[in-house]
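>>> Let's see this in three dimensions:
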Amino acid sequence: MEDVYKTIETPAEGLYKEKGSKFIALAYPVRTEEAVKEIVEEIKVRYYDARHHCYAYRLGVDKKKFRANDDGEPSSTAGKPILGQILSYDLTDILIVVVRYFGGIKLGVSGLINAYRAAAADAIGHARIVEKTDDEVFRIKFDYTVMNEVMRVVKEEEPEVMSRDFSMECRMTLSIRKQNASRLSSRLQQIEFLSFEN
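Sure, this is the predicted structure:
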């Protein structure tokens, strides 16, 4: 299904040690590039004494937005191996930052690639991978007189009811898989005294 994707549920941590160097991998579920920037900045502050803060991320259901950053390590020895792990697990909406503390012995190009790959893999291994669907959210407002009609559509189309407020006016927030969204939307549009809110 093109509207199903895999990501991680909560932040996770991994670790790899080689010849005195320590590679701490931090994986985060993220939705936007702004969130990526904020987390990377926060990690640079938290691990201010580390030599490198290398990272890779991939965003979106279509998985088309991704980036790898070597942060001063030799070209393609850090960011790419981290991104490679994200790709091999077919994850998206994820950021992995690997913080390196230099141990005094150079690891060489292949040693670095292996270390960053292993640290990223360890973080993914400690994460809970979940499948999510690409959903569309509808906010609707309707009259009490059409409550039964609305509830029948909700029962038959089975969207997730994210919120409901039946105090002054009736309002609901519904979430449904994109592939089923147009059917739900057209059925709701046929109900009198119902409007969509932005």
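>>> Which parts of the protein are helices?
Using DSSP state H, the helices of the chain run over residues 33-46, 79-88, 108-126, 147-157, 178-189.
>>> For the residue nearest to residue 144 when sequence neighbours are not counted, give me its contacts.
Residue nearest to residue 144 in three dimensions, not counting chain neighbours: residue 170, with 6.1 Å by C-beta to C-beta, 6 or more residues apart in numbering. For glycine as for every other residue, the C-beta is placed from the backbone atoms N, C-alpha and C. For residue 170, the contact set (C-beta atoms under 8 Å, 6 or more residues apart in numbering) comprises 141-144, 147, 150, 164.
>>> For residue 78, see how far away the residue nearest to the spatial centre of the chain is.
Taking C-alpha atoms, centre = their mean, the centroid of the chain lies closest to residue 93, which sits 2.6 Å from it. Distance of residue 93 to residue 78, given as C-beta to C-beta, to the nearest Å: 21 Å.
>>> Kindly report the domain assignment for this structure.
According to automatic domain parsing, the chain comprises the domains 4-131, 134-197.
>>> Return the most buried member of the ones you listed.
Most buried of those by mean neighbour count (mean count of other C-beta atoms under 10 Å) is domain 4-131; its value is a mean of 18.
>>> Off-centre distance for that domain?
14 Å (C-alpha atoms, centre = their mean, to the nearest Å).
>>> picking that back up, got TSV for the helices of the chain, with mean pLDDT and distance to residue 22 too?
Below are the helices of the chain laid out as TSV (pLDDT from 0 to 100; distance: least, C-beta to C-beta, whole Å):
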stretch	mean pLDDT	distance to residue 22
helix 33-46	97	15
helix 79-88	98	16
helix 108-126	98	9
helix 147-157	97	52
helix 178-189	94	43
